[in-house]
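K.L.:
Got a sequence here, can you build the structure:
(2 chains)
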Amino acid sequence: MADTVQTRPLAAPTEVGLGREELLGMYRTMLLARALGQRMWLLARTGKTHFAVSGDGHEAVQVAAAQALDRTQDWCIPFYRDLAMMLHLGITARDVMLDDMARAEAPFGRGRQLPAHWSARRLRIVSGSSPVTTQLLHAAGVALASKLRGETAVTLTTCGDGATSEGDFHEALNFASVHRLPVVFVVENNGWAISVPRHKQMAVASIAERAAGYAMPGVTVDGTDLLESYKVIKEAVDRARAGEGPTLIDAQVVRLVPHSTNDDERRYRPAEELADAKARDPLPRYRAHLVAQRLLTEADDTELKQEVAQVVDDATDFAERSSYPDPSEIATHLYAGR
Amino acid sequence: MAVKTMVQTIRDTLYGEMERDPNIIVMGEDVGMGGVFRATDGLRAAFGEERVIDTPLAESGIVGVAIGASLNGLRPVAEIQFADFILPAFNQIVNEAAKMRYRSGGDFWCPLVIRVPYGGNIKGGIYHSQSVEAYFAHVPGLTVVAPAFPYDAAGLLRAAIRAEDPVLFLEHKFTYNAIRGEVPADDHLVPIGQAEVKRPGKNLSVFTYGLMLHYSLRAAEDLAKEGLEAEVVDLRTLLPLDKETILASARKTGKVLIVHEDSKTGGLGAEVSAIIAEEGFEYLDAPIKRVTGPDVPAVPYAPPLEEAFMPSPEKVLHAMRELAAY
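P.N.:
Alright, predicted model coming up:
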């Protein structure tokens, strides 16, 4: 778990080929995801909505993944913790809040699904369900279609560490490898499947080891280190685009909050483990790097946080002013033309 | 018009559709060499390995990958080798393919066909003989079809491939080589959701599909020798059911027999009965009757047990006589 992760020094900006604008843009997305996620958590805990699930602690690898994709052609098949990834790919705070409040115009599913079940055809972000891991097979299928047409699009898909126990994990990695498909599998490994710790989920020391069973590269990365995560994912994306097949990435992240608003982690989570997780919070870490690199001043930071808070308020107000779906919509979008 | 077996018809229709639309791919276990029933014979030679894909032996994977491909512009026709093996893919079919359009508010959908050889009377034992339609006919968002004649198989398969939503295409294994029929050379379509009266009659109605349609037609011929005319209705599409045709026939004859090979409890017959009870109660002159497989896990291997399981023309005729005499 946390203590097995080597904390590496943050890569210098030139090392990963990103300029100031991108480096700060990634920071802003992390801030927005954190603020928006916390607002949604609050709304659920105060009874204004019914449920929230958080990506707090996962933001660095998520933003890195979005940054590594070519937004003009690549596909993303995410899971429910991927708020920061979604925002960085172009989903707006208003979209997220409409969905959170299950409004009629909620763009991911018009109020049919729980919050955080993303979907955006225009961004090639595929709708997901709540049963875990099913989306990895969809990623293989999407990539199969891209490959068959001779396109250069890459498909990136994500899941949690608990999801790797499902049969679909095996079937997806096996299929993708047999057909050398352009897929990047990113496991956002926070060490917990609700209350079950990783050692009860798997006997292997690292999820990346499993890649050997599929003859594909498996890479472990500190998923709280944004630039290191970016490097690893970009390499996998480039490999996939070059026709060299899939990669499995074990991104070791932290879960900073309970599984969902319906969960009380005090029942199972040791206080020290939670403290260790909080010490690895990716946000202050990346902020410190930007400050050290003289890319961000304290004044910039304050201004950015104010701007993000306004975006969150605007999105909340916007969604609150919007109406719920009409009961007459119960059977729409069931079959084509209906 | 050419006379073909069911399996030839499936193969020729797949061939024609693949020739017409380069986005159609075929995938499943052993489909490259032609499939265990030869339904995909010749496709790999004609269209190549890229479009006729031998998948790893993993049913959830077959359907899950087909779903993904359907989201990105392809029109996959996935084959599950035997209906009995479809259950590992149940989650992908029911929770993913069938719910994709609804859950995303129309953002994504799955133009996907899953071909499923099913049914008994082939000495297949309990894991090569099952009927699975009742599991799936309960699932909104899915379409379930079960043709009995080559003409309908060709027309419904084309309609299924060209549809924008997932279709479970059930092919009764015994009919593959046992049933022949005329198939036009043109690109005819049989509309999804329409039953058809295969034999008109005035004394009682029989609602059925698949192999049981053929048994019911045979029984109706024998019944006619006794001066009684059974109207035999081929449901053809099991989800959505064609209520209009069902109710019109019940109204005409006043007596209803439902025949299916699948076990009785919660089977298709229960839904057909409920439709008639709810919307056609006043048409009835007798209680609704069902001839079905018994409520045991599936078709046993030992020949006397298989025979005991399967509804037969004789069992159907017996039920027809009882109903007519009520």
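K.L.:
all contacts plus neighbour counts: C-alpha atoms, from now on.
P.N.:
OK.
K.L.:
separation between the nearest residue to residue B:109 once chain neighbours are set aside and residue A:113?
P.N.:
Closest residue to residue B:109 apart from its sequence neighbours, by Cα to Cα, 6 or more residues apart in numbering or on different chains: residue B:101 at 4.6 Å. Using Cα to Cα, to the nearest Å, residue B:101 is found at 12 Å from residue A:113.
K.L.:
Those two - which one has more neighbours?
P.N.:
Between residue B:101 and residue A:113, counting by other Cα atoms under 10 Å in any protein chain shown, residue B:101 is the more crowded of the two (24 against 21).
K.L.:
what helix or strand is the more buried one on?
P.N.:
Assigned by DSSP states H and E, residue B:101 belongs to helix B:100-103.
K.L.:
after that helix comes which helix or strand?
P.N.:
Taking DSSP H and E, what comes next after helix B:100-103 is strand B:113-118.
K.L.:
Outline the domain layout of chain B.
P.N.:
B:2-183, B:196-324 (automatic domain parsing).
K.L.:
so how many other residues sit close to residue B:318?
P.N.:
The burial count for residue B:318: 15, using other Cα under 10 Å.
K.L.:
name the element it belongs to?
P.N.:
Going by DSSP H and E, residue B:318 is part of helix B:313-325.
K.L.:
What residues does the stretch 1-150 of chain B have near chain A?
P.N.:
For the stretch 1-150 of chain B, the residues in contact with chain A (Cα under 8 Å from any Cα of the partner chain) are B:50, B:55-56, B:58, B:60-61, B:64-74, B:92, B:95-96, B:99-108, B:140-141.
K.L.:
if we go to 6 Å?
P.N.:
B:61, B:64-69, B:72, B:101-106, B:141 (Cα under 6 Å from any Cα of the partner chain).
K.L.:
Scan those residues and report the most crowded one.
P.N.:
Going by other Cα under 10 Å, residue B:66 tops these with 35 neighbours.
K.L.:
on that earlier part again, can you list contacts of the helix holding residue B:318?
P.N.:
Residues outside helix B:313-325 that contact it (Cα atoms under 6 Å, 6 or more residues apart in numbering or on different chains) are B:215, B:219.
K.L.:
got it, and stretch B:80-93?
P.N.:
Against stretch B:80-93 from outside (Cα under 6 Å, 6+ apart): B:59, B:60, B:64, B:116, B:117, B:118, B:127, B:130.
K.L.:
State the number of residues packed around the fifth one.
P.N.:
The one in question is residue B:117. When neighbours are counted by other Cα under 10 Å, residue B:117 registers 25.
K.L.:
now it: how far from chain A?
P.N.:
Using Cα to the nearest Cα, to the nearest Å, residue B:117 is found at 23 Å from chain A.
K.L.:
cool, and the last one?
P.N.:
Distance check for residue B:130 against chain A: by Cα to the nearest Cα, it reads 24 Å.
K.L.:
What does the residue in the stretch 151-300 of chain A that chain B sits nearest to show for phi and psi?
P.N.:
With Cα to the nearest Cα, the shortest gap between the stretch 151-300 of chain A and chain B falls at residue A:171, namely 5.4 Å. Per-residue torsions, residue A:171: phi -60, psi -40 (degrees, to the nearest 10).
K.L.:
Could you report the neighbour count for it?
P.N.:
24.
K.L.:
Quick check: which element contains the residue nearest to residue B:53 when sequence neighbours are not counted?
P.N.:
Residue nearest to residue B:53 in three dimensions, not counting chain neighbours: residue B:27, with 4.6 Å by Cα to Cα, 6+ apart. Assigned by DSSP H and E, residue B:27 belongs to strand B:24-28.
K.L.:
For that strand, name the packing helices and strands.
P.N.:
strand B:52-54, strand B:75-79 (3 or more Cα pairs under 6 Å, 6 or more residues apart in numbering or on different chains; DSSP states H and E).
K.L.:
Stretch B:16-26: end-to-end distance?
P.N.:
First residue to last in stretch B:16-26 (Cα to Cα) measures 13 Å.
K.L.:
For it, buried residues please.
P.N.:
Buried residues in stretch B:16-26, counted by 16 or more other Cα atoms under 10 Å in any protein chain shown: B:17, B:18, B:23, B:24, B:25, B:26.
K.L.:
go on, stretch A:207-224?
P.N.:
A:207-211, A:214, A:216-224.
K.L.:
Quick one: mark the members of those residues that sit in strands.
P.N.:
Applying DSSP state E to the buried residues of stretch A:207-224, the entries found in strands are A:218, A:219, A:220, A:221, A:222.
K.L.:
Just to check, the fourth one is in contact with residue A:251?
P.N.:
Yes. Here residue A:221 reaches residue A:251: they are 5.0 Å apart, a contact under Cα atoms under 6 Å.
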